[in-house]
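*Asks:* take a look and give me a structure for this.
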Amino acid sequence: ISRSEYRANLWMVLITFSVLMVVMLGSGTADFLFMRLRPFCLSEQSLGYVVIAKCGAFALYAIVLAPIAKKLGVSDRTLVVLGILFFIASKILSAVAMNTVFLFIAAATGMPMVVVAAVCRSMMSKMVDAAYQGTLFSVVASLEAMSSAVGSVVYNNCFEAFSHYSSLPLVKQPAGYMYFVTAAMLVPCPFVLCYVQYRQQKRRGYTKLPGTGDVQQQIFEEED
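*Replies:* Model prediction:
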């Protein structure tokens, strides 16, 4: 694979990873604010139950379901795409939620998203020579730190903007429209990752991560 194609693939994955981090890290505070509004009006105790439901669902998927999927031969790309799609569905359910039960269903629906960040890091590490692994992880850590700050600004502003409306179509709580913004941000991500995978497979520059622990060597040929 040529140097320019290699860099383009890596940049596309890095940008996609940044968008995912903005959504995952930035939406936490807005989620709690949303659940305190009508028609939910959740108490602090009820918010704790929602957090427990999310953590339980995430742990179930990360510890049990994801390893089973890997043993069945499910590729990393498939895990990432499924995680993003389920997370989009989770946010849409949150947006149109009519009662607290919807919020718990939405929390459980988004559980495949828990492995997306880790799998994206693995994909990027396979795209970089061992000598540059430290540089890559430094860049990824910086992106995560910036994504948290950017995400907080984006979601707090979205929450404030939509909460000023008395009513909006499709939702019981107008602030839920911020989750439609989330879905719109995430929709391009699976397509970008699939496109990168297609480019790499076409050029024999990337193979899926092994599910049985064997090491596969990738070859990058510079075409100067």
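*Asks:* need phi/psi at residue 169.
*Replies:* Phi and psi for residue 169, reported as degrees, to the nearest 10, are phi -70, psi 150.
*Asks:* how many neighbouring residues does it have?
*Replies:* As a burial measure, residue 169 scores 6 neighbours (other C-beta atoms under 10 Å). For the C-beta atoms, the positions are set from N, CA and C on the backbone; glycine is no exception.
*Asks:* what's the answer for the one 3 residues further on, then?
*Replies:* For residue 172, the count of nearby residues is 17 (other C-beta under 10 Å).
*Asks:* that one is in contact with residue 41, isn't it?
*Replies:* No: at 11.9 Å, residue 172 does not count as touching residue 41 under the criterion of C-beta atoms under 8 Å.
*Asks:* for the top helix by length along the chain, which helices and strands make contact with it?
*Replies:* Using DSSP state H, we find that the single longest helix of the chain is helix 3-35. Packing contacts for helix 3-35, counted by 3 or more C-beta pairs under 8 Å, 6 or more residues apart in numbering; DSSP states H and E, involve helix 44-60, helix 76-95, helix 116-126, helix 133-163, helix 177-186, helix 188-202.
*Asks:* run the last query once more with 10 Å
*Replies:* Judged by 3 or more C-beta pairs under 10 Å, 6 or more residues apart in numbering; DSSP states H and E, helix 3-35 is in contact with helix 44-60, helix 76-95, helix 100-109, helix 116-126, helix 133-163, helix 177-186, helix 188-202.
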